[in-house]
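Engineer: build the 3D model from these lines:
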Amino acid sequence: MKTLKNHLILYDAECPMCKVYTQAFTATGMLDTGGRAPYQNLKGFSCPTVDRKRAVNEIALVNITTGEVSYGIDSLFKVIGNAFPALKPLFAFRPFAWSMCKLYAFISYNRKVIIPATKATNPTLQPTFSLKHRIAYLMAATLIAALILTHYARLLPYPGNAYREYLVCSGQLLFQGFIVSVIAPAKRWDYLGNMMTISLAGSLLLLPALALHPNTTIATGWFAIVATAMLLEHLRRCKLLGLGKLLSATWIFYRAALLAIIVLT
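Structural biologist: Here you go, the predicted structure:
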């Protein structure tokens, strides 16, 4: 594997995903051992050619020798393409590059709600909020979660129809969206992003059981375990957002009310 010499990648120290993949670059030799640094720790004169505002949203790769800077997916293509030259034609293929650019932006602008930081060390160096990317994330998470739950519900005592889980997931989004808009409107989009990440993660945890197609008792038990883990994560994320326990209580109320309706009808 060829190392990209004399390059420094500037990552978000508050982003677990950023730390993992940039550390993988240095650990595997794709970058020099000292080829990564958190942008939070850099002073203005350290990398004068870096657009600091852009680097917060799109990971920056700096050529230490020339001062040339690439951003976002171009940075990743440069590191990976240098290590694996056979991939360069793919990276140069415009439809692929365009789709990866969109995917990168989708993840980057939502990274704080996908895996939240335990503490913001520098509030002034946070990703720019993008409403269109957040709404796209909420819609994607809702559709994926509902699709999985629709199939998993067939293993449960009350399977319902093909549209029920889509209504349940979208209904929860609207219900909790109303509640958070009343009690903490400034944190509306951060909360909803975190909430739908929990729903998405919970649905993905159901996939092993869905693949094994267990009996109703086992499927129901696994569903209960996943739901408990989701509640604990909801409590944790609300605490990180400084929202207290009220939203967790309404989250439980919505699900309990729907369960009662499903059982009684």
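
Engineer: CA atoms only for stretch 215-227 - export them in CSV, please.
Structural biologist: Below are the C-alpha coordinates for stretch 215-227, written out as CSV (Å, rounded to 0.1, in the frame of the first residue of the first chain):
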residue,chain,number,x,y,z
ASN,A,215,-41.0,-18.1,16.2
THR,A,216,-43.3,-15.4,17.6
THR,A,217,-42.1,-15.8,21.2
ILE,A,218,-38.5,-15.3,20.3
ALA,A,219,-39.2,-12.5,17.9
THR,A,220,-41.3,-10.7,20.5
GLY,A,221,-38.6,-11.1,23.1
TRP,A,222,-35.9,-9.7,20.8
PHE,A,223,-38.2,-6.8,19.9
ALA,A,224,-38.6,-6.0,23.6
ILE,A,225,-34.8,-6.1,24.2
VAL,A,226,-34.2,-3.8,21.2
ALA,A,227,-37.0,-1.4,22.4
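
Engineer: how much space separates residue 215 from residue 157?
Structural biologist: 11 Å (C-beta to C-beta, to the nearest Å). Placement of C-beta: from N, CA and C, glycine included.

Engineer: and the two? which has more neighbours close in?
Structural biologist: residue 157 (11 against 8; other C-beta atoms under 10 Å).

Engineer: let's verify the more buried one: helix, strand, or coil?
Structural biologist: What DSSP: H, G, I helix; E, B strand; the rest coil gives for residue 157 is coil.

Engineer: show me the contacts for it.
Structural biologist: Residue 157 is in contact with 216, 220, counting by C-beta atoms under 8 Å, 6 or more residues apart in numbering.

Engineer: just use 455 as the starting number from now, easier for me
Structural biologist: Understood, numbering begins at 455; the last thing we discussed is residue 611.

Engineer: which pLDDT value goes with it?
Structural biologist: On pLDDT, residue 611 comes in at 87.

Engineer: what does residue 573 give?
Structural biologist: pLDDT at residue 573 comes out at 69.

Engineer: before we move on, what about residue 473?
Structural biologist: With respect to pLDDT, residue 473 scores 91.

Engineer: which stretch of helix or strand covers it?
Structural biologist: Using DSSP states H and E, the element containing residue 473 is helix 470-481.

Engineer: so how far is the helix or strand following that helix off the chain centroid?
Structural biologist: Proceeding N to C from helix 470-481, the next assigned helix or strand is strand 490-492, under DSSP H and E. In terms of C-alpha atoms, centre = their mean, to the nearest Å, the centre of strand 490-492 is found 21 Å from the chain centre.

Engineer: list the contacts for residue 641?
Structural biologist: Residues near residue 641 by C-beta under 8 Å, 6+ apart: 634, 695-697.
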